[in-house]
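Chemist: Return atomic coordinates for the entry below.
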Amino acid sequence: MRLHLAALFCLPLLAQVPAQDSRNTNIPNTDTHFTPRVYQTLAQWEARRAYLRKQILSAAGLLPLPVKNDLHAQIFGRIENRDYSIEKVLIETLPGYYLGGNLYRPLQPAPAGGFPAVVSPHGHWNYGRLEHTTLASIPARAINLARQGYVVFAYDQVGYNDTIQTPHEFGGAKEDLWGFGPLGVQFWNGIRAVDFVESLPEVNREKIGATGASGGATQTFLLAAVDDRIHFSAPANMISAIMQGGAMCENAPNLRVDTFNVETGAMMAPRPMLMVSATGDWTKNTPTEEFPAIREIYALYDKAANVETLHLDAPHNYNQQNREAMYRFFGKHVLGDAEASRFNEKPIRVEKLQDMLALHNRTLPSNALTLDGLYAEWVRMAKAQAAALAAAQNRNALREMLSYSLMAEWPAEVLSQVEGEAILLSRPGKADRVPGIWLKGTGPAALVVSPDGAAAARKSPEVARLAAAGRPVLMIDAFQTGSAVAPRDRSGKFFTTFNKTDDANRVQDILTALAWVKLETANAPETELVGLGRAGVWCLFAAAVAPRPVQLKADLSGFNGTDGDFLDRFFVPGIQRAGGLQAARILAGN
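Modeler: Reported below is the predicted structural model:
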C-alpha cells in the first residue's frame with residue numbers, strides 16, 4: 001500500500017482502501033440514526049457552515065438566489081381586538097405566484113426602534129396556519145406574541161389555505177433537474193416572508209425571529225441556516241438524529257448528502273435558539289443527543305447560554321406548555337424580560353375562517369400561474385441566471401453551481417493501493433472504493449474512462465495509442481461499472497435527499513482519479529482525460545468542476561443537454577439549474 005505523504009498528517013498510518021464501497025453498503029435515509037460530527041475549532045465549524053449554506057440553497061434550487069420581484073403586498077380585512085389586530089395578507093413571492101397569511105400586530109405604540117417580528121410557518125396540521133387544537137394552535141401563539149409586543153406573520157405551506165396554485169406535493173425527476181419542488185418553493189416563500197416583515201415601517205429589522213413546529217420547524221431551521229436576518233428562533237419538535245422529515249416539503253435531492261438536521265439546526269449558532277422536544281416523537285433523545293451536540297457548536301462561539309431546551313412528556317406538538325417556553329425564551333433574549341410569569345399564555349378569541357382566509361370571496365390576481373406555469377417561470381429564471389453568468393464568463397460561479405449539484409469535491413488526499421497493474425483508490429474518511437488499472441510510463445499522464453470499466457478501456461484503441469507512446473495511463477471502474485458493479489438499495493424514502501446518483505458518483509470517481517494522477521505525476525504537464533462512449537459526458541462534467549486544467553477528449557455522442565438527455569444519460573438533480581451542458585462546456589473548454 002502507498003499513502004501519499006500529504007495524507008499522513010490527517011490520517012492514521014493504517015488507513016487503507018475499504019474492502020467494500022460504502023456507497024453501496026451505507027445508504028442513509030430519513031430514518032437513519034445519525035451521529036453528530038465533532039468540531040474542534042470555530043474555524044473548522046465556520047468553514048463547514050459556509051459549505052452547508054450553499055449546499056442547502058443548491059438543493060432548494062436557489063443557488064444563486066433568484067432576483068427578487070416586488071411583493072405587491074396586499075394587506076386587508078383588518079380585525080381589531082382589545083390589544084392586537086389581525087389582517088389578511090397576500091404577497092407575490094415569484095412573478096405570478098402568491099403566498100397567503102395573516103399579520104398580527106400589537107395595538108400599543110411601537111417602542112423606540114420598532115417592534116420585534118416573528119415569521120411563523122406552520123406544520124402539517126389539518127387546518128394549516130389556522131389550526132387551533134390542544135396539540136397545536138397557530139392563532140394562539142401569534143395572538144399571544146402580538147400581545148407581548150411582536151409583529152407576527154403566520155404564512156402558509158404550499159398547497160394549504162390560500163396558497164393554492166400548487167398541491168402540497170408535486171414534482172418528479174424532470175423537475176428535479178431544475179431544482180423545482182415543494183421544498184424550494186416553500187423555502188423561497190420563507191425568505192420572502194422575511195422581506196415582507198422587514199418592509200413594515202413599525203418593525204425593528206434587527207429583531208426578526210422565526211418559530212414553527214414539525215414541518216414548520218424544518219422551515220424555521222432551514223431559513224435560519226441561510227438567512228442571517230433571523231436573529232432568534234424556536235424550532236419545536238423537529239431537530240432529530242433519528243428522523244429527518246417525512247414530507248416532500250422537507251426533502252429535496254442533495255439536501256442531506258453527508259449531513260443531517262442536527263448540523264443544519266446548529267447553523268443558527270450563536271444566535272439564540274430554543275429546542276423544545278417530546279417523549280412521544282422523534283425528538284425523544286434530544287436531551288442526551290441532539291441538544292448536547294448543538295450546544296457544543298454554540299460553545300465554540302462562547303455562547304452556550306444562547307441555546308436552551310425543554311423536554312416535555314407529550315406527543316408530537318406545539319402545545320401551550322411548549323409555546324409558553326418559547327414566550328419566556330424570546331422574552332429573555334429579545335425583550336430583555338426574564339420574569340417568567342409575564343409570559344403565561346392568555347385565552348384567545350378564535351375568529352371565523354372567512355375572516356382569516358385571504359381568498360374568501362376573492363380570486364387570485366389575474367396574472368396567477370398554474371402549476372405548469374410556475375414550473376415554466378422557475379425554469380425561465382434559472383436559464384436567465386445561468387445565461388448571464390455564462391455571458392459574463394463568471395467561471396467561479398458556474399463551477400460552484402455545478403459542483404454543488406454534483407456534490408463533487410477535488411480531494412486533497414487520495415489513498416491508493418497498487419499491486420502490479422491493479423490499483424485501488426479511495427478518499428480519506430469517505431470509504432469509497434475505485435478499482436482500476438495503472439500502466440506506468442513517462443511523459444504526460446492520461447486517464448481513460450469507459451462506461452464498461454477499466455478492463456474495457458484497456459482494450460480500446462485510445463489506450464493502445466497511449467501505451468505505445470510509453471505514457472502513464474490510468475483506467476478506472478467508475479462507480480457501478482466494470483468490477484465495481486454491486487447491489488445498491490435505492491428503496492429508501494427520499495433516496496436522492498441523502499445519496500448521490502450513480503452519475504454524480506461517477507464524476508466524483510473521475511475527480512478522485514485525476515487528483516491521484518496529479519499527486520503521482522506532480523511535475524508532469526496537464527493530464528489528458530479521455531471519455532469513451534457514454535463516459536464522455538461524465539468526463540466533460542468532471543473536467544468542468546476540476547480545479548486543475550485537463551486536456552479533455554470526449555465524444556458526447558449526440559448528448560445535446562436537453563432534459564430528456566439528462567434523464568436518460570446523466571441524471572443529476574439540479575444539473576440544469578446549475579447551467580447544464582452550456583456551463584460544463586464553458587468550464588471544460590469543450
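
Chemist: Every contact and neighbour count from this point should use C-alpha atoms.
Modeler: OK.

Chemist: What are the structural domain limits within the protein?
Modeler: With domains defined by automatic domain parsing, the chain comprises 2-30+393-588, 74-381.

Chemist: lowest-confidence helix or strand of this protein?
Modeler: Using mean pLDDT, DSSP states H and E, helix 5-8 stands out as the lowest-scoring helix or strand of the chain, at a mean of 31.

Chemist: Let me have the domains of the chain in JSON lines, adding mean neighbour count and distance to Ala59 as columns.
Modeler: Output for the domains of the chain, formatted as JSON lines (neighbours: other CA atoms under 10 Å; distance: least, CA to CA, whole Å):
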{"stretch": "domain 2-30+393-588", "mean neighbour count": "20", "distance to Ala59": "7"}
{"stretch": "domain 74-381", "mean neighbour count": "20", "distance to Ala59": "5"}
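
Chemist: Using a markdown table, please lay out those domains together with distance to Pro66.
Modeler: Below are these laid out as a markdown table (distance: least, CA to CA, whole Å):
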| stretch | distance to Pro66 |
| --- | --- |
| domain 2-30+393-588 | 11 |
| domain 74-381 | 7 |
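
Chemist: which stretch among the ones you listed comes nearest Leu52?
Modeler: Taking CA to CA, domain 74-381 is the member of those nearest to Leu52, at 7.7 Å.

Chemist: picking that back up, which one of the domains of the chain lies closest to Gln40?
Modeler: Where these are weighed against each other on CA to CA, the nearest is domain 74-381, at 8.2 Å.

Chemist: in the stretch 401-550 of the chain, which spans are strands?
Modeler: Using DSSP state E, counting those that start in this stretch, the strands assigned to the stretch 401-550 of the chain run over residues 415-419, 422-426, 434-439, 446-449, 473-476, 527-531, 550-554.

Chemist: These: which one's closest to Ala388?
Modeler: Comparing these by CA to CA, strand 550-554 comes nearest, at 25.2 Å.

Chemist: could you check the angle strand 527-531 makes with the closest one?
Modeler: 20 degrees (axes from the mean of the first three to the mean of the last three CA atoms, to 10 degrees).

Chemist: immediately after strand 550-554, which helix or strand?
Modeler: helix 563-569 (DSSP states H and E).

Chemist: Can you give the contact residues for that following helix?
Modeler: 173-174, 177, 534, 559, 572, 576 (CA atoms under 8 Å, 6 or more residues apart in numbering).

Chemist: before we move on, the earlier item: show me the one of the strands of the stretch 401-550 of the chain that comes nearest Ala146.
Modeler: Nearest to Ala146 among these is strand 422-426; the distance by CA to CA comes to 55.7 Å.

Chemist: Distance from the closest one to the middle of the chain?
Modeler: 32 Å (CA atoms, centre = their mean, to the nearest Å).

Chemist: strands paired with it, and their directions?
Modeler: strand 415-419 (antiparallel), strand 434-439 (antiparallel) (DSSP bridges).

Chemist: what does that strand contact?
Modeler: So strand 422-426 is in contact with 16-18, 414-418, 432-438, 512-513, going by CA under 8 Å, 6+ apart.

Chemist: let's see 10 Å
Modeler: Among residues not part of strand 422-426, those counted as contacts by CA atoms under 10 Å, 6 or more residues apart in numbering are 1, 16-19, 21, 411, 413-418, 431-439, 474-477, 509, 512-513, 516.

Chemist: if we can go back for a sec, so can I have TSV of the strands paired with strand 422-426 showing mean pLDDT and distance to Ala247?
Modeler: Below are those laid out as TSV (pLDDT from 0 to 100; distance: least, CA to CA, whole Å):
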stretch	mean pLDDT	distance to Ala247
strand 415-419	97	38
strand 434-439	98	34
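
Chemist: Tell me which of those strands approaches Ile75 most closely.
Modeler: strand 434-439 (58.6 Å).

Chemist: For the closest one, what is the distance to the chain centroid?
Modeler: 34 Å.

Chemist: Check the gap between the closest residue to Val158 other than its chain neighbours and Leu200 for me.
Modeler: In space, and not counting its chain neighbours, Val158 is closest to His168: 5.2 Å by CA to CA, 6 or more residues apart in numbering. His168 sits 29 Å away from Leu200, taking CA to CA, to the nearest Å as the criterion.

Chemist: before we move on, what about Asn319?
Modeler: Applying CA to CA to Asn319 and Leu200 gives a distance of 29 Å.

Chemist: do the same with Ala583
Modeler: Ala583 is 40 Å from Leu200, by CA to CA.

Chemist: what's the answer for Trp516, then?
Modeler: 55 Å.

Chemist: Output stretch 49-62 as CSV - backbone C-alpha positions only.
Modeler: Extracted in CSV, the C-alpha atoms of stretch 49-62 (Å, rounded to 0.1, in the frame of the first residue of the first chain):
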residue,chain,number,x,y,z
ARG,A,49,-21.2,26.1,7.9
ALA,A,50,-20.3,28.1,4.9
TYR,A,51,-20.3,25.0,2.7
LEU,A,52,-23.6,23.8,4.1
ARG,A,53,-25.3,27.1,3.4
LYS,A,54,-24.6,26.7,-0.3
GLN,A,55,-25.5,23.0,-0.2
ILE,A,56,-28.9,23.9,1.2
LEU,A,57,-29.5,26.6,-1.3
SER,A,58,-28.4,24.5,-4.2
ALA,A,59,-30.7,21.6,-3.1
ALA,A,60,-33.6,24.1,-2.9
GLY,A,61,-32.9,25.3,-6.4
LEU,A,62,-31.9,28.7,-5.0
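
Chemist: Can you give the distance of it from its chain's centre?
Modeler: 5 Å.

Chemist: Then stretch 577-590?
Modeler: On CA atoms, centre = their mean, the centre of stretch 577-590 falls 22 Å from the chain's centre.

Chemist: Also stretch 525-533?
Modeler: Relative to its chain's centre, stretch 525-533 lies at 32 Å (CA atoms, centre = their mean).

Chemist: And for stretch 568-587?
Modeler: Per CA atoms, centre = their mean, the centroid offset for stretch 568-587 relative to its chain is 18 Å.

Chemist: Please apply the same query to stretch 134-154.
Modeler: That offset, for stretch 134-154, works out to 29 Å (CA atoms, centre = their mean).

Chemist: Equivalent analysis for stretch 290-308, please.
Modeler: For stretch 290-308, the distance to the chain centre is 22 Å (CA atoms, centre = their mean).

Chemist: Then stretch 502-519?
Modeler: That offset, for stretch 502-519, works out to 23 Å (CA atoms, centre = their mean).

Chemist: Gly436 and Phe541: what is the separation?
Modeler: As judged by CA to CA, Gly436 and Phe541 stand 20 Å apart.

Chemist: Might you list the low-confidence residue ranges for the protein?
Modeler: 1-15 (pLDDT under 70).

Chemist: where exactly do the helices run in the stretch 401-550 of the chain?
Modeler: Remark: helices assigned in the stretch 401-550 of the chain by DSSP state H, counting those that start in this stretch are 454-458, 461-468, 495-498, 502-520, 535-545.

Chemist: what's the closest of these to Leu552?
Modeler: Short answer: helix 535-545, nearest of these by CA to CA, at 7.0 Å.

Chemist: what angle sits between the closest one and strand 550-554?
Modeler: Using the same axes, to 10 degrees: helix 535-545 against strand 550-554 is 160 degrees.

Chemist: tell me the angle helix 535-545 makes with helix 502-520.
Modeler: Using the same axes, to 10 degrees: helix 535-545 against helix 502-520 is 60 degrees.

Chemist: For the strands of the stretch 401-550 of the chain, give me TSV that also has distance to Asn26.
Modeler: As requested, these are exported to TSV (distance: least, CA to CA, whole Å):
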stretch	distance to Asn26
strand 415-419	20
strand 422-426	15
strand 434-439	16
strand 446-449	25
strand 473-476	22
strand 527-531	29
strand 550-554	32
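
Chemist: Nearest to Thr521 among those strands would be which one?
Modeler: strand 527-531 (9.1 Å).

Chemist: Not counting its own residues, what contacts that closest one?
Modeler: So strand 527-531 is contacted by 443-451, 457, 462-463, 472-475, 510, 514-515, 517-518, 521, 536-540, 542-543, 548-556 (CA under 10 Å, 6+ apart).
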